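>>> Sequence and computational prediction follow.
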Amino acid sequence: MKNPALVGARMHPFIPHLAEKDAAPLSYQPSVIVHRIRVGNVVQHGLLLAVNVPGSARHSPFPHELTRTAKVDSLAAHLAASPSDENPVMLFGRGGHSLAAACREVASKATPLLSKSYRDEEEQSFFVDCPELIARFVAYAEELGDLVIADGHHRIEALRQLGRAEPDAGHEMRLLALVLPGIETVVRSYDRIVSVLPGVRIDACLAALERSFSLRSLPEVPDGAPLISALERDEIMVIIPSGSYALRLPAETREKLPLAFRLQRDVLAPQFGLLDPQTSDRIEFVPGGTAHASLRARLRASPNRVAFVLPPPTLEEILECVGRQSHYPPHSTYFPLKPSGAIQRRRLFTEDNSKKLRHMAETLATRMLRRLTLTQEAAPQFRGWYAANTKFSEPTVSVFRD
C-alpha cells in the first residue's frame, strides 16, 4: 500500500457456534479456527476469527471492487436485525508465510472439529482454543498488514453504513472473517456471456471487433485445459458458437486500468450497447474456470450470444489497484474456495439497543421501498411485514452472500 497512515485491521478470537438454530456454543472459550478447503488438486488454508471493521473504507480492510447501493441497503437492514454472522467475509494480505505454515501444521496433525466432503471437494475446520496458540496465530495474521476484501464487499460496506448512520446505537463493528495468506489465496475472474442487440448478427459483431481491435483466431482448446492457456498477456478470449478468438485492447498510456474495466468501457458499452451490466438482462456472469465445452454448449443453446473470458488478475495487481485507491467493476474477481458457513459467530446484541436497532431497520426498509417503487397502498403492508419478520432474539435463516 502506498499510504502508510492507513491503519491495519485488528483481529480477535470468538465463541464459535454451529449454524443450526439455537445451537450451543462449540466452546465457551474464545477460539480461532484453522480452515482448510480442497477442490481437486487446489488447497487453501486460512484462519477464521473476528475482525474489526473501521467506519471508513480508507482503513483496512480495503475494498477492491465497487458495490451496488441497493444490495448494501438490503444487507444493512439484515445486519441491523441479525444476531449472527451467518457467512464469513474473506480477506487477504500480502505474503503470509508464517500464517500459512502454522495453518498447514495444524491441518496436518490435528483432528478436524468439522469435516465434510462432496465429490472432489473437502472442507475441514480445526479448533484452536489454547491462549498461547491463539496469540501466536493472531500475531501471524497481523503480520499480513493491511488487508484487502476478497469476498464480502457488500456486507462490510453495510456494516460501515450502519455505524455511520447510528453511531450511538451500539452496533458491534466486527464481522467473522476468513483471513487468508496471500500465498494461499486463489482468485479467478468472472466470464461474461452477452446477448447481442436485436437484429444484429454475430458475424457483424465479430467484424466490428476486428476493425477496432487486434483479433486473432484461436485453435480448439483441449478438454480439461484452462481456457486462458491459449491467451497471451492482456488478451481476452472471445467465444462464439463457431469458434474462439483472442482480443487485444489498445495499450493504456497512463495508469493501467483493470482488464474488466477496459472490456466494459471499450467493448461492451460502445460495441454491444451494454451501458449498465449490473441491471441489464442481456449479460450473464459466469465464474471463471468454466470448461470450454460448457461455454460453447451455452452459446449453441442460444446462438445470439458471445462469451468473453478474462484472465484472472494476480493478487499483486489487485493490491496495486487498491494502493491507487482505484476499484474493479462489480463481478470482476471470483474467489472460488469459500467456506460453507457451517460455523457462525453470535453478534453482541442486547435488549438495551434493540429499539434503536429496530428504528434503524425500519429506516432502511423505507429506503428500500423507494427503490422497489411499490405503490402507496403496498408500502404500509411491506413495513408491517418487515416489522413482523425482523427478529432480535433468534438467528435469521436468510443467507446473504456477495
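Arrived safely. Numbering: from 1, shown residues only.
>>> Quick check: neighbours of the host helix or strand of residue 47 in the sheet, parallel or antiparallel?
Per DSSP states H and E, residue 47 falls inside strand 42-52. Strand 42-52 has its sheet partners listed here by DSSP bridges as strand 11-12 (antiparallel), strand 32-39 (antiparallel), strand 174-181 (antiparallel).
>>> Tell me the helix or strand right after it.
Later in the chain than strand 42-52, the nearest helix or strand by DSSP H and E is helix 69-81.
>>> Go through that next one and flag the buried ones.
Across helix 69-81, burial judged by 16 or more other CB atoms under 10 Å covers 71-81. From N, CA and C alone the C-beta is placed, and that goes for glycine too.
>>> Distance to residue 187 and pLDDT added to these, as a markdown table?
As requested, those are arranged in a markdown table below (distance: CB to CB, whole Å; pLDDT from 0 to 100):
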| residue | distance to residue 187 | pLDDT |
| --- | --- | --- |
| 71 | 21 | 91 |
| 72 | 23 | 93 |
| 73 | 27 | 92 |
| 74 | 26 | 91 |
| 75 | 23 | 92 |
| 76 | 27 | 90 |
| 77 | 30 | 89 |
| 78 | 27 | 88 |
| 79 | 26 | 87 |
| 80 | 31 | 85 |
| 81 | 32 | 83 |
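>>> middle-most residue in this structure, spatially?
Taking CA atoms, centre = their mean, the centroid of the chain lies closest to residue 151, which sits 2.4 Å from it.
>>> Leaving out chain neighbours, which residue sits closest to it?
residue 90 (4.0 Å; CB to CB, 6 or more residues apart in numbering).
>>> looking at this, the one you found is in a strand?
Yes. Assessed with DSSP: H, G, I helix; E, B strand; the rest coil, residue 90 lies in a strand.
>>> That one pairs with what?
With DSSP bridges applied, residue 90 shows beta-bridge pairing to residue 151, residue 178.
>>> these two touch, right, it and residue 184?
No. Counting by CB atoms under 8 Å, residue 90 does not reach residue 184; the two are 11.3 Å apart.
>>> Pull up the overlap in contacts between those two.
Residues within reach of residue 90 and of residue 184 at once, by CB atoms under 8 Å, 6 or more residues apart in numbering, are residue 46.
>>> And stretch 309-320, how far out from the chain middle?
Put simply, stretch 309-320 sits 14 Å off its chain's centre (CA atoms, centre = their mean, to the nearest Å).
>>> just stretch 191-200 next, same as before
The answer for stretch 191-200 is 26 Å, by CA atoms, centre = their mean.
>>> Report the buried residues of it.
191-196.
>>> of these, closest to residue 311?
residue 191 (10.5 Å; CB to CB).
>>> partners of the closest one in the sheet?
Residues in a beta bridge with residue 191, per DSSP bridges, are residue 286.
>>> I'd say the residue nearest to the centre of the chain and residue 337 touch.
No. Counting by CB under 8 Å, residue 151 sits too far from residue 337 to count as a contact (9.9 Å).
>>> OK, contacts around residue 40?
Counted by CB under 8 Å, 6+ apart, residue 40 has contacts residue 120.
>>> rerun at 10 Å
For residue 40, the contacting residues are 119-121, by CB atoms under 10 Å, 6 or more residues apart in numbering.
>>> cool, and residue 316?
Contacts for residue 316 (CB under 10 Å, 6+ apart) come out as 94, 182.
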